[in-house]
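Asks: 3D model of this:
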Amino acid sequence: MSDAPDRTRGIPYWELVTLIACIMALNAAAIDIFIPALTGIARSLELSNPNQAQFVISSYVMGFGIAQIAYGTLSDRYGRRPVLLFGLAIYVAASIAAVFAPTFGILLALRAIQGIGAAATRVIAVSVVRDCFGGARMASVMSLVMMIFMVIPVIAPNLGQLILLFGDWHEIFLAISAFGAFVAVWTYFRMPETLHPEDRIPLTMSRVTGAFRLVVTNRRAFAYTLSTALTFGVLFAFINQAEQVYGTIYALGPAFTLYFSAGAIFMAVASFTNSRLVVRFGMRRLSHGALCLFLAFNILHLTIALLSGGVPPFPVFLVGIIATLCLFGFIGTNFNALAMEPLGHVAGTASSVLGFMQTFGGGVLGATIGYLYDGTLIPLLSGYVVLSIGALLCALIAENGKLFARDRAPSREDPLVTHSHAAAE
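Replies: Model prediction:
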């Protein structure tokens, strides 16, 4: 399979990949760094139900998911750079304002606004990759981005725990605002504009609704997006409950962030491995195989938990959750690339619609499962099995019931091969 030439607009390949990873890492930082602080937030703001503290993560995810639709449309009209810088400004401003939040309600509102700003990072990062690369090359680049990006979930919870040793959750907001400002400056001076002037879509209702219609009526893109949302629900459910599972069920105390980081390391290794194998074996074969194993491991994990009274031995849980995270590394990036593949000529709008469905849908599912926490692993692992079955069904719909097919070679229909045909559509 041969891909279209790389079009990195003059910036070195390594710097573009690293910058995109840092842009996306702002989102991971805003989520993972707060994992060890949830109990402290519940205590500081006197929450009646400790499970409500999970909304600090969920409210951010909701704002992040919803706002992607607007950013994608705007970036297809005005370009990638100005829209990204606007979003970064919102992210930094909301982070600083949250330091002074007097109530839990105001804190959640500011977290949602912070997510609205961060939505630009996800939309623009994926759109820039789609502007510059295609096919398996795009999946390979996204895997490299994810590998670098996954350093943040390794560092962030431990950094959050370190900050809590000398302060509280207010200082955590200061830390992520500083990181956001750094990325904004780097973007301003080094990020090129990757959207060609002739590829910009006029901001008219007919063109915008047409682009949206194309996304949601493309069976392959739509089904893979739903499948990704379901697997994201697995990830968000674990993030929401991580402190309670490690700290309460297994009583690991502050050291739980080390175990959380171990899972992130394995997930990063899986993403790196995917970047090396995807060109040889194809996105479909790798991701479909991983999804089948994903379901099998989750069924096994739930069975063991049921036989153990809801709380399996810690080594069993740790192996099970690491296996789940590793397999996610072979699913998420490939499914996203498969969903984006036929939509390159409206990459910004496509990325935003797909991102909205994946993130918002996964966030709602993860928050629902997380809020059902009852002191055991049964709600979490039962949710994993249900979501895994749904993801597999969606993948079957995307491929007309046939998994493990070879990836399609680019044709004249590919928007990276010909822009004239894409524009006509």
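Asks: please enumerate the strands of the stretch 301-425 of the chain.
Replies: For the stretch 301-425 of the chain, applying DSSP state E, counting those that start in this stretch gives no strands.
Asks: tell me the contacts of the residue nearest the centre of the chain?
Replies: Nearest residue to the geometric centre of the chain (C-alpha atoms, centre = their mean): residue 359, 6.6 Å. Residue 359 makes contact with 61, 64-65, 68, 122, 229, 232, according to C-beta atoms under 8 Å, 6 or more residues apart in numbering. Backbone N, C-alpha and C define where each C-beta goes, glycine included.
Asks: pLDDT weak spots in this protein?
Replies: 1-10, 134-136, 146-150, 203-208, 210-211, 344-352, 407-425 (pLDDT under 70).
Asks: mind checking the longest helix of it?
Replies: For the chain, the helix that runs over the most residues, judged by DSSP state H, is helix 104-132.
Asks: could I get the buried residue list for that one?
Replies: By 16 or more other C-beta atoms under 10 Å, the buried positions in helix 104-132 come out as 104, 107-132.
Asks: ditto for stretch 270-283
Replies: The neighbour-count check on stretch 270-283 (16+ other C-beta under 10 Å) flags 270-275, 278-279, 281-283 as buried.
Asks: chain center to that stretch: distance?
Replies: 18 Å (C-alpha atoms, centre = their mean, to the nearest Å).
Asks: and that stretch, C-alpha only, in CSV?
Replies: In CSV, the C-alpha atoms belonging to stretch 270-283 read as follows (Å, rounded to 0.1, in the frame of the first residue of the first chain):
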residue,chain,number,x,y,z
ALA,A,270,1.4,-0.8,22.7
SER,A,271,0.9,2.4,20.7
PHE,A,272,4.5,2.4,19.7
THR,A,273,4.3,-1.3,18.7
ASN,A,274,1.2,-0.4,16.6
SER,A,275,3.1,2.3,14.8
ARG,A,276,5.7,-0.3,13.7
LEU,A,277,3.3,-3.1,12.8
VAL,A,278,0.4,-1.2,11.2
VAL,A,279,2.2,-0.6,7.8
ARG,A,280,3.1,-4.3,7.6
PHE,A,281,-0.2,-5.9,8.8
GLY,A,282,-2.7,-3.1,8.2
MET,A,283,-5.1,-1.2,10.4
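Asks: tell me the one of the buried residues of stretch 270-283 nearest residue 193?
Replies: residue 275 (25.9 Å; C-beta to C-beta).
Asks: hmm, the closest one is touching residue 144, no?
Replies: Yes. The pair residue 275 / residue 144 is scored as a contact, 5.1 Å apart, by C-beta atoms under 8 Å.
Asks: residue 242: how many residues sit nearby?
Replies: 24 (other C-beta atoms under 10 Å).
Asks: need the three-state assignment for residue 18.
Replies: Following DSSP: H, G, I helix; E, B strand; the rest coil, we place residue 18 in the helix state.
Asks: so how far is residue 159 from it?
Replies: Residue 18 sits 19 Å away from residue 159, going by C-beta to C-beta, to the nearest Å.
Asks: which of the two has more neighbours?
Replies: Neighbour comparison, residue 18 and residue 159: the larger count goes to residue 159, with 20 against 15 (by other C-beta under 10 Å).
Asks: from residue 243, how far out is the spatially closest residue to that one that is not a sequence neighbour?
Replies: Here the nearest residue to residue 159 in space, its sequence neighbours aside, is residue 33; by C-beta to C-beta, 6 or more residues apart in numbering that works out to 6.0 Å. Applying C-beta to C-beta, the value for residue 33 to residue 243 is 12 Å.
Asks: repeat for residue 370
Replies: According to C-beta to C-beta, residue 370 and residue 243 sit 11 Å apart.
Asks: buried residues, stretch 39-48. List them.
Replies: 39-42, 45, 47.
Asks: typo on my end, it should be stretch 49-57
Replies: 50-57.
Asks: quick one: distance of that stretch to the chain centre.
Replies: Relative to its chain's centre, stretch 49-57 lies at 20 Å (C-alpha atoms, centre = their mean).
Asks: hmm, back to that, could you redo the buried residues of stretch 49-57 as TSV and give each row distance to residue 377 and secondary structure?
Replies: Shown next, in TSV, are those (distance: C-beta to C-beta, whole Å; DSSP: H, G, I helix; E, B strand; the rest coil):
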residue	distance to residue 377	secondary structure
50	17	helix
51	15	helix
52	20	helix
53	19	helix
54	16	helix
55	21	helix
56	22	helix
57	19	helix
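Asks: correct me, but residue 179 touches residue 29?
Replies: Yes. Taking contacts as C-beta under 8 Å, residue 179 lies within contact range of residue 29: 5.8 Å.
Asks: when the two are compared, which one has more neighbours?
Replies: residue 29 (25 against 21).
Asks: quick one: the residue nearest to residue 42 when sequence neighbours are not counted and residue 363, what's the gap?
Replies: Setting aside the residues directly before and after it, residue 42 is nearest to residue 53 in space (C-beta to C-beta, 6+ apart), at 4.0 Å. Counting by C-beta to C-beta, the separation of residue 53 from residue 363 is 16 Å.
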